[in-house]
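Asker: What follows is a predicted protein model with its sequence.
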There are 2 protein chains.
Amino acid sequence: MSSTPSFSPLYQQIKALILQSLQAGEWKPAEPIPSEMELAARFHVSQGTVRKAIDELAAENLVVRRQGKGTFVATHAEQHVQYRFLKLVPDSGSLDSEGPAERTIVDCKRLRAAADVARALSLRTGDAVLQVRRVLAYGGVPTILEDLWLPGSPFKGLTAERLAGWRGPMYSLFEAEFGVRMVRAEEKIRAVLPDTAQAALLRVTSATPLLSVERVAHTYQDVPMELRRGLYRTDTHHYRNELG
Amino acid sequence: MSSTPSFSPLYQQIKALILQSLQAGEWKPAEPIPSEMELAARFHVSQGTVRKAIDELAAENLVVRRQGKGTFVATHAEQHVQYRFLKLVPDSGSLDSEGPAERTIVDCKRLRAAADVARALSLRTGDAVLQVRRVLAYGGVPTILEDLWLPGSPFKGLTAERLAGWRGPMYSLFEAEFGVRMVRAEEKIRAVLPDTAQAALLRVTSATPLLSVERVAHTYQDVPMELRRGLYRTDTHHYRNELG
DNA sequence: CAGTGGTCTAGACCACTGG
DNA sequence: CAGTGGTCTAGACCACTGC
């Protein structure tokens, strides 16, 4: 029924079209997308086909279904759990018994990308990047030290003040202020010892083993938009993972 | 159309019924389950309803769909990738460029469960458990040291010889010889320093930070059936995780 | 070729939300 | 109440597998 050429299941084509609209910003984060009926009419397919397309988008966390209300563009802000990508949890503390993290921006500057940073972000060595270093503390105990690198152009105008003044997850600032939506990420985890600067910021000795978590976060189309190197203290917290 | 009482969507009830059959061993690992049409007839529902039930089972990796052939009971054996639950990968090596692990059983004995082990396995302190210690090496380099605890009764008859003689993943031995199918697991990851015995087995100094991975693996109904504490060297490998 | 899972449709009805 | 997503059905046809 659709006029789209090529061959793949219809619902995949519909999914791709919806994805384009999401990416183009036709609907803003946390806003509803058109109803299944409307989309079915727009694309000249049955509601069931639209449904299957949206089912996949929902499974990939790009969109959130809410019965009786509609389907909404996913966001890192009002996410039922904040910090969607952070898997570090307190050892004993039940659920979110732990208050919000106390955040401190240690450093924030523009510089030219080193080779490894450039490669991770699909830039060329020497391209402008923004580097941020911050510490997250829980109950006064510094627990996470993060260095992160962002490509210069999409994040033009991002400053330490902007970061420090923001309430809520950093990724929701990226969405609201720069239109950059992180959709998927991959992490490489190692055990390391901190250098003296790192040890000082986390208030541990340099003989304390720490979790090194290197994350590359991607927007749509698997475009890498952030490199983040975290050092996690694991004496009071642990990295929690589910295996299916 | 179904006669099952209570209220939940029909396809959920069907899913539960199929799950019961899986659990009861009506169909063995790697064997096909009845076709959608047959199941629809058996349960007096439409094929579409069975389909949705099976879709969920497939999403949970309990079952594998193969177009034109049928739907098969998932197994840890012929899994397209072996070691379904092992997320440690070589740093540079592309995919499975790395040969199979060289496995060494260091120890295997029956003893009474300590409090922490008992709690993880939902046993009582002092209940019989089997404890195994083994080392996995890649290219002659010992990389993983694992201690694991299994509840005594389901694994009656498991010996070091049985383990050492088995080709393929340990979980596929559990399936084939003891009818125990691990379906889900959760891991708690920390950075630690090894004690002297651990350091010796991995041939590192006791100042080498290692990844501590504590896994609890569950069968059907979320019954815990294995506690596994792994120490991973992360100088040549890393723990890889995907975040959706 | 027959049998399997995979797609697509059209229509009915249910459950939840909000005005 | 009307509008949304969620379930269920029945039937047609497609794509892949193996005999």
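Answerer: Sure thing, it's come through.
Asker: which SS state does the spatially most central residue of chain A fall under?
Answerer: Chain A has A:M182 as the residue nearest its centroid, 4.0 Å off, counting by C-alpha atoms, centre = their mean. Classification of A:M182 by DSSP: H, G, I helix; E, B strand; the rest coil places it in coil.
Asker: and the gap between it and B:T196?
Answerer: 43 Å (C-beta to C-beta, to the nearest Å). Using the backbone N, CA and C atoms, a C-beta is placed for each residue, glycine as well.
Asker: other SSEs contacting the strand or helix carrying A:R162?
Answerer: Using DSSP states H and E, A:R162 maps to helix A:160-165. Counting contacts by 3 or more C-beta pairs under 8 Å, 6 or more residues apart in numbering or on different chains; DSSP states H and E, helix A:160-165 is packed against strand A:102-112, strand A:128-138, helix A:170-178.
Asker: From the structure, what's the count of residues near A:S153?
Answerer: 10 (other C-beta atoms under 10 Å in any protein chain shown).
Asker: isn't it right next to A:V129, touching?
Answerer: No - contact criterion C-beta atoms under 8 Å: A:S153 and A:V129 do not qualify, at 9.8 Å.
Asker: The longest helix seen in chain A near chain B at all?
Answerer: Longest helix in chain A, counting residues (DSSP state H): helix A:10-24. No - applying C-beta under 8 Å from any C-beta of the partner chain, one finds helix A:10-24 out of contact with chain B, separated by at least 13.6 Å.
Asker: looking only at pLDDT, what's the mean for that helix?
Answerer: The pLDDT scores in helix A:10-24 average 96.
Asker: Name the residues of that helix that are buried.
Answerer: By 16 or more other C-beta atoms under 10 Å in any protein chain shown, the buried positions in helix A:10-24 come out as A:L10, A:Y11, A:Q12, A:Q13, A:I14, A:K15, A:L17, A:I18, A:L19, A:L22.
Asker: The residues you listed into a markdown table, with extra columns for distance to A:L202?
Answerer: Below are these laid out as a markdown table (distance: C-beta to C-beta, whole Å):
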| residue | distance to A:L202 |
| --- | --- |
| A:L10 | 53 |
| A:Y11 | 48 |
| A:Q12 | 46 |
| A:Q13 | 50 |
| A:I14 | 48 |
| A:K15 | 43 |
| A:L17 | 47 |
| A:I18 | 43 |
| A:L19 | 40 |
| A:L22 | 38 |
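Asker: What residues does chain A have near chain B?
Answerer: Within chain A, the positions near chain B by C-beta under 8 Å from any C-beta are A:59-61, A:84-85, A:87, A:184-193, A:207, A:209-212, A:215, A:232, A:234, A:238-244.
Asker: Let's see that with 6 Å instead.
Answerer: Chain A comes close to chain B at residues A:61, A:85, A:185-193, A:209-211, A:234, A:238-239, A:241-244, as judged by C-beta under 6 Å from any C-beta of the partner chain.
Asker: PyMOL command to pick out the buried ones of the residues you listed?
Answerer: One line in PyMOL is enough to select the buried members of those, burial here meaning 16+ other C-beta under 10 Å:
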select buried, chain A and resi 85+185+187+188+189+190+191+192+193+209+210+211+234+238+239+241+243
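Asker: give me the subset of the residues of chain A next to chain B touching DNA strand D.
Answerer: Applying C-beta under 7 Å from any atom of the strand to those, one finds that nothing falls near DNA strand D.
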